[in-house]
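A.B. asks: my questions are about this predicted structure, shown below with the sequence.
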Amino acid sequence: MDDLIRETARRLATARRVVALTGAGISVESGIPPFRGPGGLWEKYDPMEFAHIDALMKNPEKVWKIFMGDMKRVLLAAKPNDAHLGLARLEFLGILKTVITQNVDGLHQMAGSTDVIEFHGNFAWLQCMDCGARAETVSVDLNIVPPRCACSGIYRPECVFFGEMIPREALVRSQELASTCDVMLVAGTSAIVQPAAFMPVIARQAGAVVIEINPEPTPLTGHTSHFLVQGKAGQVIKAVTAEVERLLEEKRP
């Protein structure tokens, strides 16, 4: 793995435009369970019953009391891990331009990343379904559910529910970045949820080097990605970032 870490760092240190695509696997080390797979939230909750926009509209009290309450408790306890911090450091070093994330936890921004495209929105902010007013989730009392705006309208998280479209701006900008980057890091995603999973394909077709950082192979492995650095995202990205810093230091006069 050391050779792959060095090769990843070398690619990053010499790249002109690096973009990262991250998924739920990057936040597991922060205590946030994934939605899919063993131990995922969809084993505990039926997404059509608790995470579909129709369910929210039909019975917001039920959705807030059972699903959203759990989500808020998990997210409030979560802190950025070495993967989030490493990507933020790569941005600070001028290596990484943008993070495209499927996550709704806001941990990239908490770690210091400033250009984050949230494919599925986030739970950090709420929006009134009547007047459109926004409020930070941490500032809203969930002892009374569903939480209500000053206008008496019901708040909803600014995340994309099943049955809703990906925000057009996020999709268009992600496609543009994927088609113009020369290196794409794909970390902590199973690469099965569209349209996010198509971003590495766009990057590869445009001539970019696609590097995976995942515990296990994905549908991208051996087809779209040039190589897979197998391991936990935090450990790998921390090691890659340290090697990038070493290479940059060597270049200094």
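C.D. replies: Received the coordinates, thanks.
A.B. asks: just the strands in the stretch 151-253 of the chain please.
C.D. replies: 155-159, 183-187, 209-214, 227-230 (DSSP state E, counting those that start in this stretch).
A.B. asks: neighbouring strands - and their directions - for the first one?
C.D. replies: It refers to strand 155-159. strand 121-128 (antiparallel) (DSSP bridges).
A.B. asks: I'd like the average pLDDT over the strand it pairs with.
C.D. replies: The pLDDT scores in strand 121-128 average 89.
A.B. asks: now do stretch 175-183
C.D. replies: Here the average pLDDT along stretch 175-183 is 97.
A.B. asks: and it, what's buried?
C.D. replies: Using 16 or more other C-beta atoms under 10 Å as the test for burial, stretch 175-183 gives Q175, L177, A178, T180, C181, D182, V183. Every C-beta, even on glycine, is put in place using the N, C-alpha and C of the backbone.
A.B. asks: for E7, state which of those residues is nearest.
C.D. replies: V183 (11.4 Å; C-beta to C-beta).
A.B. asks: could you measure from the closest one over to R17?
C.D. replies: The gap separating V183 from R17 is 8 Å, by C-beta to C-beta, to the nearest Å.
A.B. asks: contacts only, for K251.
C.D. replies: With contact taken as C-beta atoms under 8 Å, 6 or more residues apart in numbering, K251 is in contact with A13.
A.B. asks: same question but for E91, I mixed them up
C.D. replies: K97, V99, G112, S113, T114, D115.
A.B. asks: let's see which of the residues you listed end up in strands.
C.D. replies: K97, V99 (DSSP state E).
A.B. asks: is it possible to export the contacts of E91 to TSV including pLDDT, neighbour count and distance to P195?
C.D. replies: Shown next, in TSV, are the contacts of E91 (pLDDT from 0 to 100; neighbours: other C-beta atoms under 10 Å; distance: C-beta to C-beta, whole Å):
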residue	pLDDT	neighbour count	distance to P195
K97	97	17	20
V99	98	27	17
G112	96	14	27
S113	97	24	21
T114	96	11	24
D115	97	15	19
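A.B. asks: would JSON lines of the contacts of E91 with distance to A197 be doable?
C.D. replies: Formatted as JSON lines, the contacts of E91 follow (distance: C-beta to C-beta, whole Å):
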{"residue": "K97", "distance to A197": "20"}
{"residue": "V99", "distance to A197": "16"}
{"residue": "G112", "distance to A197": "26"}
{"residue": "S113", "distance to A197": "21"}
{"residue": "T114", "distance to A197": "25"}
{"residue": "D115", "distance to A197": "21"}
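A.B. asks: tell me which two of the contacts of E91 sit farthest apart.
C.D. replies: Maximum distance among these (C-beta to C-beta): 14.5 Å, for K97 and G112.
A.B. asks: before we move on, back to that, can you tell which of the strands of the stretch 151-253 of the chain is closest to A83?
C.D. replies: It's strand 183-187; of the strands of the stretch 151-253 of the chain, that one is closest to A83 (C-beta to C-beta) at 6.5 Å.
A.B. asks: who touches the closest one?
C.D. replies: 8, 11-12, 15, 17-23, 25-26, 83, 87, 96, 178, 199-200, 203-204, 208-214, 220, 225, 233, 236-237.
A.B. asks: ok, back up a step: quick check, nearest of the buried residues of stretch 175-183 to I192?
C.D. replies: For the buried residues of stretch 175-183, the closest approach to I192 (C-beta to C-beta) belongs to A178, at 17.2 Å.
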